[in-house]
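**Q** Please work out how this folds:
(chains A and B)
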Amino acid sequence: MGYKVIFVFADNANEWNCSQWRSLTPSDCFNRHQDKGWQGKLIHISDFINYLAPHIQDWLKPADVIIVQRNVINKSVYDAMLYWRGMGKPVVVDLDDAYHFLPYSNPARPFWFERPFDTPEGNIEPGGAIRMLEEGLRNSNGLVSPNRLLLADWVYASKNSYYLQNFAEPGWWGVPPPGPWHKPGEYTYRWYRQGQSISGLPPRSEAKKQRGLQDKIVIGWGGSLSHYDSFWGSGLMQAIPILTQKFSQITWILCGAEQRLFEQFPVPDTNKFYQPGVPPQLWPQVVRTFDIGLAPLFGPYDQRRSWIKGIEYGLAGVPWVGTEGETYKELQPWPAAIQGPETALFWQNALTEMIVNLDRWQAKANDNVGVAQHNFIIDNNLPVFENVMRQIIEDAAANQNVLLPNVLRVTLNGKEKDNREETNAAEPGLVTIQPGGNTGR
Amino acid sequence: MPKPKILFSHHPLLLPVIKQLAKEAEIIVTIPNAAGQLNSLDIQAKALKDFTTTETPDLAFLWAGEVVAALPSIVQVINGGVGEWLKQTAYPFYYPRLADLGFIVLALDNLKPDLIVIHNDVESSLRTMAMWGQANGVPVLHVPHAIYRFVNRTEFGTDIHDMITASYMAAAGPFQKQWYIKLGMNPDNIFETGMPHFDPWVNRPRLPKDVARQKLGLSPNKPTIAYGGTWGQNTNFLGVSNEWQVCYLMFLECARELAKQGVQFVVSCHPNAGEQNWGWHAKQAQQAGVELSVSPSHFEVILDAADIYFAYGGSNSLLEAAFNPDIRLLTTHAYEDDICVGKIAIEPEPMLAGLKHALLSAPPPKTAMLTKYLGECDGLAGRRVAELCRRLYAGKN
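**A** Numbers count the residues shown, from 1 in each chain, chains lettered A, B, ... in the order given. Modelled structure (predicted):
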């Protein structure tokens, strides 16, 4: 059974990433399965707050579930959330980033920690957007996240917690779109045979040749500005020069916005290559050039990431090395990956093993592309979404007869009174005041 | 060509206007918190303080000191307790406040906006911005956040809201335009745009009464009276008034009588009045022995649940309620010429009789009242105000 879901997204065009994974990819997937009753729509958060505008009403009215991405840090947003909850629609918050653990190297930290914000009482206090995020969670029906540690961190502020991982767009990873002849959950596996190249993505040799890297061992990584500490703290940065000295044919490719890291890479310029950011649909072709992928993590902030890098390497047939922990826990059994602790020695040993036995590791990675498609392509995971949406709706319905939040009910003696009888003025102490829902103040 | 710079004061009603102008103009807002909130909504905005330098605070204090030094010649002529107090404390009282205003002036000197948009002429900071605009040939547009009325005062000029410092006015409708003409504003500088704040109320879809009542903890089938809680807004130069509290307490006495006949009640508290105010309304109901629901939120749901909406005089919430054709409106004073709003005296027996009569009578049409106060009521006031802003900053250039 399908559901109609509204995704309230927060990314702007310059930072488009999270909204792709958490909003647009699921929405597009739902719309490919409208015959089963699914529907997905997007609305930007700045339009969501105009909840009484006729065109916004028309857009949101059919929704079964409304999912608001991260920026529940503004009273206008709370008002919109409460309004739609008042209209009987569950409104949940989606968080895929541990803002409460943002390192100092992250440019977003001042916004989340240091700016003064309005309190619900109308005062301006320090504490940043984190305090407002807590208030936003209290105004919702629950929290959705691709990381269980994040759910646990916010359990005190969110009524319910829903684990929902990231899944990949089929077309970008060489997977043909679903057709009527495909059975649910099986369509991608049927199209892949062991040893075949992945349709739609170039062979690795060709992809490397296009960049002049055909004779190199390409070890690659791509990401945003939030990974600075990941390299330095995980031990990888210390291992890089040792590995480069040992294996001179290594070329390290750094992709994305993190130019600080590229400049600080402790290797000669001939051993490193910078790849600027590309649109998300072209990213698989970049990943395809890697002989080995990297997934370093450091500290509590990184341990609350989603598994995106792991599944991307899996879909691209790239063996990878990563830091162990919550982020890649479900990928521990992955045959084409090595996970280990935050030490330079681990990185040296793991990458040396992969480089020395590269053919074997790449064969393992290629052999498991079909498994990756089966498990990580979003159209194969509609049952997961169905379970989560159903639970969100059932949990909200269980509260339907409970008062809206922020409603105080003044009753006499804690029980219903027959209004036709004579009523004496209530004595102090006999009258009870029952808060309705979560007052959150 | 550089984008025009528009300085906005910090009020939610201006958000629809800011959104329309965000792509074509540089948006500056008066406080950093408001800029941060706009940025979180993907609307690029700066704060006025971003246009200051490290020297600005010192310069502001220097200027404040010069002004305060001139005070003795002014306070000498004020007699009585106020005069004595001023003579003792004028310097420490005014010095930091004048420095705050000096800070604003210096920031404006650096910013050089092409248009200033304010939501009232009451706060000294906003009035300063308007006066700076007048002194420097920069158009200042006042988009009122409410429709003011003749409440708790004897004549024009006895309330802070009667002051005009802006050069242009975006009046909500004919009533407000006439109001400001009477206060001495040039009619050519007053434009009837409607009030952006009311745009979302036009053609608002409504909840069924029984559903709305259940969500508020009320019985789905009993007649329902909603009371508009308020707070003391002491802007009248002639003194403060606690009549709003007296009215509520009297309402509770009537409610206790009406409850015997099966009527139920919900109180909608002012969202800006604070938790203490909300608790006060609940506690008074407790002490009066009246069962009801109280909330500072969900005003739309409350109006959908109610048969009658009763608000202490002058409240703009009656205009929001007027968009609901099924609801009967009651008030204590103001809206004198609006026959669709019933008037009830703040006395026990007349109030009870008035509430009973309203429960038995059908709600009259409210279209004429909405047109009088809000003009066209087509949900496009925000666009008209944005268009007015374009004309004003283009005229300056």
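
**Q** The closest residue to residue A:239 other than its chain neighbours: what secondary structure?
**A** Take residue A:239 and drop its neighbours on the chain: the residue closest to it by Cβ to Cβ, 6 or more residues apart in numbering or on different chains is residue A:347, 3.7 Å away. To be clear about C-beta, it is placed using only N, CA and C from the backbone, and glycine gets the same treatment. Put simply, residue A:347 is helix when judged by DSSP: H, G, I helix; E, B strand; the rest coil.

**Q** tell me the contacts of residue A:347?
**A** With contacts taken as Cβ atoms under 8 Å, 6 or more residues apart in numbering or on different chains, residue A:347 has the following neighbours: A:234, A:235, A:236, A:238, A:239, A:243, A:296, A:321, A:340.

**Q** give me that answer again for 10 Å
**A** For residue A:347, the contacting residues are A:234-240, A:242-243, A:294, A:296, A:321-323, A:338, A:340-341, taking Cβ atoms under 10 Å, 6 or more residues apart in numbering or on different chains as the criterion.

**Q** Same question for residue A:252.
**A** Taking Cβ under 10 Å, 6+ apart as the criterion, residue A:252 is in contact with A:216-221, A:240, A:243-244, A:261-262, A:265, A:267, A:271-274, A:294.

**Q** One more: residue A:210?
**A** By Cβ under 10 Å, 6+ apart, the residues touching residue A:210 are A:202, A:285, A:289.

**Q** Narrow the contacts of residue A:252 to those in helices?
**A** Restricting the contacts of residue A:252 to those inside helices, with DSSP state H as the criterion, leaves A:240, A:243, A:244, A:261, A:262.

**Q** right, and the fourth one touches residue A:254 too?
**A** Yes. Judged on Cβ atoms under 10 Å, residue A:261 makes contact with residue A:254 at a distance of 6.0 Å.

**Q** between the two, what contacts are shared?
**A** Residues touching both residue A:261 and residue A:254 (Cβ under 10 Å, 6+ apart) are A:221, A:223, A:227, A:231, A:272, A:274.

**Q** Could you restrict those to the ones contacting chain B?
**A** With the criterion set as Cβ under 10 Å from any Cβ of the partner chain, no member of the shared contacts of residue A:261 and residue A:254 is near chain B.

**Q** List only those of those flagged as buried.
**A** A:221, A:223, A:227, A:231, A:272, A:274 (16 or more other Cβ atoms under 10 Å in any protein chain shown).

**Q** Next one: the last one, what pLDDT does it get?
**A** On the pLDDT scale, residue A:274 is placed at 88.

**Q** so how far is chain B from the closest residue to it other than its chain neighbours?
**A** By the measure of Cβ to Cβ, 6+ apart, the closest residue to residue A:274 outside its immediate chain neighbours is residue A:262, 4.9 Å from it. Counting by Cβ to the nearest Cβ, to the nearest Å, the separation of residue A:262 from chain B is 28 Å.

**Q** quick one: the strands in the stretch 151-300 of chain A?
**A** With DSSP state E, counting those that start in this stretch applied, the stretch 151-300 of chain A shows strands at A:161-163, A:217-223, A:250-256, A:272-275, A:292-295, listed in chain order.

**Q** looking at those, which is buried most?
**A** strand A:292-295 (a mean of 26; mean count of other Cβ atoms under 10 Å in any protein chain shown).

**Q** pLDDT on it, on average?
**A** Regarding strand A:292-295, the rounded mean pLDDT is 97.

**Q** list the buried ones in stretch B:354-374?
**A** Residues B:354, B:355, B:358, B:359, B:363, B:364, B:366, B:369, B:370, B:372, B:373, B:374 are the ones in stretch B:354-374 that count as buried (16+ other Cβ under 10 Å).

**Q** Over to stretch B:182-197?
**A** Buried positions in stretch B:182-197, judged by neighbour count with 16+ other Cβ under 10 Å: B:185, B:190, B:191, B:192, B:193, B:194, B:195, B:196, B:197.

**Q** pretty sure the last one is in a helix, no?
**A** Yes. According to three-state DSSP, the state of residue B:197 is that of a helix.

**Q** so who does it touch?
**A** So residue B:197 contacts B:11-16, B:119, B:143-147, B:172, B:316, B:319-320, B:374, B:381-382 (Cβ under 10 Å, 6+ apart).

**Q** And it, what's its pLDDT?
**A** According to the model, residue B:197 scores 82 on pLDDT.

**Q** Could you check which residue of the stretch 101-250 of chain B lies nearest chain A?
**A** For the stretch 101-250 of chain B, the residue positioned closest to chain A under Cβ to the nearest Cβ is residue B:200, at a distance of 3.1 Å.

**Q** Measure how buried the residue lying closest to that residue once chain neighbours are set aside is and give me the count.
**A** What sits nearest to residue B:200 in space, not counting adjacent residues and going by Cβ to Cβ, 6+ apart, is residue A:52, at 3.1 Å. When neighbours are defined as other Cβ atoms under 10 Å in any protein chain shown, residue A:52 has 19 of them.

**Q** so what's residue A:52 up against?
**A** Going by Cβ under 10 Å, 6+ apart, the list of residues near residue A:52 reads A:79, A:80, A:83, B:199, B:200, B:201, B:202, B:203, B:204, B:205, B:300, B:379.

**Q** Would you list the buried entries among these?
**A** For these, burial is judged from neighbour counts taken by 16+ other Cβ under 10 Å, and it is met by A:79, A:80, A:83, B:199, B:200, B:201, B:202, B:204, B:300, B:379.

**Q** SS state for the second one?
**A** Using three-state DSSP, the structure places residue A:80 in helix.

**Q** Could you pull up the residues touching the nearest residue to residue A:241 once chain neighbours are set aside?
**A** Once flanking residues are discounted, residue A:241 sits nearest to residue A:266: 4.4 Å by Cβ to Cβ, 6+ apart. Contacts for residue A:266 were tallied using Cβ under 10 Å, 6+ apart; they are A:237, A:238, A:240, A:241, A:242, A:244, A:272.

**Q** Was I right to think the second one contacts residue A:348?
**A** Yes. Contact between residue A:238 and residue A:348 holds when scored by Cβ under 10 Å: they sit 8.7 Å apart.

**Q** Pick out the residue in the stretch 1-150 of chain B sitting closest to chain A.
**A** Of all residues in the stretch 1-150 of chain B, the one sitting closest to chain A is residue B:41 (4.2 Å; Cβ to the nearest Cβ).
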